[in-house]
Every structure is written in structure tokens, then in C-alpha cells.
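> Return atomic coordinates for the entry below.
(one chain, ligands or ions: 1)
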Amino acid sequence: KSAIAIAIDGPAAAGKSTVAKIVAEKLSYIYIDTGAMYRALTLKAIENKLDLDNEEPLIELLTNTTIELEQSENGQLVLVNSIDVTAEIRSQSVTNSVSYVAKHPRIRKEMVKRQQILADKRGVVMDGRDIGTHVLPDAEVKIFLIATVEERAKRRYEENTKKGFHSNLEKLKEEIEQRDLLDSQRETAPLIKATDAIEIDTTSLSIQDVAQLILKEVASTR
Ligand code: C5P
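So this is what the prediction gives:
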């Protein structure tokens with residue numbers, strides 16, 4: 001069986017990464033979290049106190065920044081200039097700023113270039129917002145995951161509780177809605193379902209159900 005590329009897109013907190021990891025594991029494929037790359041740059045930009053609306057300094061920062069996604073026993077590690085930032089890139093400040101960094105056309109162009117190199121050999125499950133539309137337009141399987149914003153906020157809330165910190169459900173919902181709005185309305189490569197993507201509404205599905213649906217799609221392409 002020859003290796004293919006699987007693109008998983010969708011709004012924030014729709015379960016993309018959880019499902020992508022399961023699918024990648026089952027197929028012995030590489031999982032590539034493109035959101036982590038935008039988050040990594042955003043973390044550096046905040047540390048450097050850059051104006052997130054100004055593209056030029058962000059481009060310069062990205063040019064001087066290596067971002068590596070490394071598979072380890074404890075899951076995927078994100079390294080920026082060889083420093084482990086796996087936990088830091090999930091912080092509130094990064095989450096609420098990343099869409100401002102990700103809207104710049106030249107930042108996206110460079111990220112897409114790096115992502116295409118990572119997916120060069122196929123055998124990849126890649127998740128993000130523009131994978132099916134721009135990064136891997138010729139992916140053999142394209143999935144667009146959606147769920148109601150209430151359900152997505154609830155899942156994020158429970159995830160946070162499990163990690164040991166309390167969050168405000170209503171605030172989470174607002175933040176998710178705001179990020180989706182910014183990601184959907186930007187001019188360059190907005191969040192949109194590719195015409196040839198399969199939409200899966202995960203609102204009342206389990207993670208395993210969703211993974212099974214995707215694996216069935218994969219089986220039917222080969
Ligand atoms: O997937 P995650 O929620 O970690 O993505 C963080 C942010 O990175 C998104 O809200 C979006 O602004 C940006 N992003 C993007 N294109 C991608 C992946 C993520 O613009 N392919």
C-alpha cells in the first residue's frame with residue numbers, strides 16, 4: 001500500500017489533533033500539527049514584544065527561527081531554536097494572539113513552504129486550517145471537522161479540568177468564537193472547507209468514532 005496524505009481542517013477545538021494523532025498512529029504515519037508552528041512563532045513574537053499587526057518584524061523573526069516537531073514517547077514536542085516550548089505554546093496569551101500573527105500573507109507563505117517540505121514524503125496526517133485548500137491541495141483524503149461551539153467549549157473545559165486548572169466555560173466559548181471569526185475572515189487562506197473535503201460533524205460522536213470514519217475513508221482510497 002502506498003503512503004498518502006491526509007488533511008484535517010476545521011475550527012478551533014473541534015478535536016482535530018486528538019483524532020489526527022490516532023489516525024497517524026494506526027497507519028504508522030507522521031502527525032504534523034501546523035497550528036503548533038503558528039503558535040511557536042507567536043510565542044517568540046510575544047517574548048520579543050513585537051507588534052503583531054506589523055508583518056515585517058514578524059517575517060524577520062520567522063526567518064531567524066527554526067521550528068521542529070519532534071516525536072517523543074510523551075507525544076509530539078515543539079522545539080523553537082532547539083528549545084522545548086511544547087507547554088508554553090498552549091498558554092492563554094499565545095492562544096488569544098495567534099490568529100493575529102497567522103493572518104499575514106508572507107508569514108503564511110513561509111509556513112506553507114515549511115509544511116510542504118515536512119509532508120514531502122507523504123505518509124502524513126496534517127491538521128490545521130488551510131491544509132486541504134493550500135498546503136496539500138492534492139491530499140488523497142481531506143476531512144473538515146466541525147462541532148457546535150458549545151460542544152467545543154465543553155471539551156476544552158474538560159480537558160483543562162483534567163490538566164488541573166479551572167476555566168470559565170462562557171469565556172472559553174467567547175474565545176473560541178473570536179478565534180474562528182478571525183481565522184474565517186482573514187484575506188489570506190481563511191478557514192474554509194475544501195470543495196472536495198468530507199465534512200464530519202463530531203458534536204455527538206466519540207473520538208474513536210471519528211477516527212474510524214476517517215480510517216474508512218483512507219481504506220476506500222487505496
Ligand atoms: O490548531 P490550533 O488551534 O493550535 O491553531 C492555532 C492558530 O493557528 C489558529 O487559530 C490559526 O490562527 C492558526 N493556524 C492557521 N493555519 C493553520 C493552522 C493554524 O492559520 N494551518
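> which other helices and strands contact the helix ranked longest in the chain?
Longest helix in the chain by number of residues, with DSSP state H as the criterion: helix 169-185. Helix 169-185 sits against helix 92-101, helix 149-163, with contacts defined as 3 or more CB pairs under 8 Å, 6 or more residues apart in numbering; DSSP states H and E. C-beta here means a position set from N, CA and C on the backbone, and glycine is covered the same way.
> pLDDT (mean, whole number) over that helix?
Average pLDDT, helix 169-185: 97.
> Is any residue of that helix near the ligand?
Yes: residues of helix 169-185 contacting the ligand under CB under 6 Å from any ligand atom: R179, D183.
> List the buried residues for that helix?
L172, K173, E175, I176, R179, D180, L182, D183 (16 or more other CB atoms under 10 Å).
> need the residues of the protein near the ligand, please.
So the chain meets the ligand at 12, 34-35, 38-39, 98-99, 102, 128-131, 179, 183 (CB under 6 Å from any ligand atom).
> Closest one to T202 out of those residues, please.
A12 (13.1 Å; CB to CB).
> Return the most buried member of the helices and strands packed on helix 169-185.
Neighbour counts (mean count of other CB atoms under 10 Å) averaged over each of the helices and strands packed on helix 169-185 peak at helix 92-101, with a mean of 18.
> which other helices and strands contact the following helix or strand past that helix?
Note on helix 92-101: by DSSP states H and E, the next helix or strand toward the C-terminus is helix 105-118. Contacts defined by 3+ CB pairs under 8 Å, 6+ apart place helix 105-118 against strand 30-33, helix 34-47, helix 55-63, strand 124-128.
> Kindly recompute the last result at 6 Å.
helix 55-63 (3 or more CB pairs under 6 Å, 6 or more residues apart in numbering; DSSP states H and E).
> Give the buried residues for the helix it packs on.
Residues L58, L61, L62 are the ones in helix 55-63 that count as buried (16+ other CB under 10 Å).
> what's the angle from the longest helix of the chain to strand 124-128?
100 degrees (axes from the mean of the first three to the mean of the last three CA atoms, to 10 degrees).
> now what about helix 169-185, what contacts it?
Residues from elsewhere that reach helix 169-185 (CB atoms under 6 Å, 6 or more residues apart in numbering): P11, A12, A13, S99, R129, V149, R152, A153, R156, Y157, P190, L191.
> Can you name the element that comes right after that helix?
strand 198-201.
> Centre of the chain to that next one, how far?
Centroid displacement of strand 198-201 relative to its chain, using CA atoms, centre = their mean, to the nearest Å, is 17 Å.
> strands paired with it, and their directions?
As defined by DSSP bridges, the strand partners of strand 198-201 come to strand 141-146 (parallel).
> Average pLDDT for the partner strand, rounded please.
Computed over strand 141-146, the average pLDDT equals 98.
> Only alpha carbons, please: show that strand as PDB.
Provided in PDB are the C-alpha atoms of strand 141-146 (Å, rounded to 0.1, in the frame of the first residue of the first chain):
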ATOM      1  CA  VAL A 141      -8.100  12.300   1.900                       C
ATOM      2  CA  LYS A 142      -9.500  15.700   3.100                       C
ATOM      3  CA  ILE A 143     -11.500  15.900   6.200                       C
ATOM      4  CA  PHE A 144     -13.300  19.000   7.600                       C
ATOM      5  CA  LEU A 145     -14.200  18.500  11.300                       C
ATOM      6  CA  ILE A 146     -16.900  20.600  12.900                       C
END
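> which outside residues touch that strand?
6-10, 14, 16, 132, 193-194, 196-202, 214, 217-218, 221.
> Right, I'll leave it there.
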